[in-house]
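**Q** with the sequence up front, the predicted model follows.
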Amino acid sequence: MPFLALDDPVEVARARAAFDVAWRKIRPSLAEAEWEQERSRLARIIANLATFAVDEIDLARRAVERFQKARPKRSSATEIGPDRHC
């Protein structure tokens, strides 16, 4: 998993937590056949953004935004706002 590139155990834990939050938002918009490939893509996005985020919610929000930039938006279910944590 791309999180092996992160050196700080706190960053790894934050990345894993952000992944879980972001994946819960993204998964409903995907066909089941896409899950494995898109989980890997999301993990790479999170690993790349991990050092820039304030916390796991910020990291999840940024990751969902980046993920959606490369795909047409299918649903508002993937939005993470300041009052929507999961």
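**A** Alright, I've got the coordinates. Numbers count the residues shown, from 1 in each chain.

**Q** hey, let's count contacts and neighbours off CA atoms from now on
**A** Noted.

**Q** run the chain-centre distance for the longest helix anywhere in the chain.
**A** The longest helix of the chain (DSSP state H) is helix 9-26. Distance of helix 9-26 from its chain centroid, counting by C-alpha atoms, centre = their mean, to the nearest Å, is 6 Å.

**Q** which strands and helices sit next to that helix?
**A** The helices and strands touching helix 9-26, judged by 3 or more C-alpha pairs under 8 Å, 6 or more residues apart in numbering; DSSP states H and E, are helix 35-49, helix 56-69.

**Q** mind giving me JSON lines with the ones you listed and columns for mean neighbour count?
**A** Listed next are the helices and strands packed on helix 9-26 as JSON lines, based on neighbours: other C-alpha atoms under 10 Å:
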{"stretch": "helix 35-49", "mean neighbour count": "17"}
{"stretch": "helix 56-69", "mean neighbour count": "21"}
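
**Q** same list (these) but as a markdown table, adding mean pLDDT.
**A** Shown next, in a markdown table, are these (pLDDT from 0 to 100):
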| stretch | mean pLDDT |
| --- | --- |
| helix 35-49 | 95 |
| helix 56-69 | 96 |
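
**Q** circling back: list the buried residues of the longest helix of the chain.
**A** 11-12, 14-23, 25-26 (16 or more other C-alpha atoms under 10 Å).

**Q** CA atoms only: put it into PDB for me.
**A** Output of helix 9-26 as PDB, limited to C-alpha atoms (Å, rounded to 0.1, in the frame of the first residue of the first chain):
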ATOM      1  CA  PRO A   9       3.500   6.700  12.300                       C
ATOM      2  CA  VAL A  10       1.100   9.500  13.100                       C
ATOM      3  CA  GLU A  11       0.900  10.300   9.400                       C
ATOM      4  CA  VAL A  12       0.300   6.700   8.600                       C
ATOM      5  CA  ALA A  13      -2.600   6.500  11.100                       C
ATOM      6  CA  ARG A  14      -4.100   9.700   9.800                       C
ATOM      7  CA  ALA A  15      -3.800   8.500   6.200                       C
ATOM      8  CA  ARG A  16      -5.500   5.200   7.000                       C
ATOM      9  CA  ALA A  17      -8.300   7.000   8.900                       C
ATOM     10  CA  ALA A  18      -8.700   9.500   5.900                       C
ATOM     11  CA  PHE A  19      -8.800   6.600   3.500                       C
ATOM     12  CA  ASP A  20     -11.700   5.000   5.400                       C
ATOM     13  CA  VAL A  21     -13.700   8.300   5.400                       C
ATOM     14  CA  ALA A  22     -13.000   9.000   1.800                       C
ATOM     15  CA  TRP A  23     -13.700   5.500   0.600                       C
ATOM     16  CA  ARG A  24     -17.100   5.500   2.300                       C
ATOM     17  CA  LYS A  25     -17.900   8.600   0.300                       C
ATOM     18  CA  ILE A  26     -16.500   7.400  -3.000                       C
END
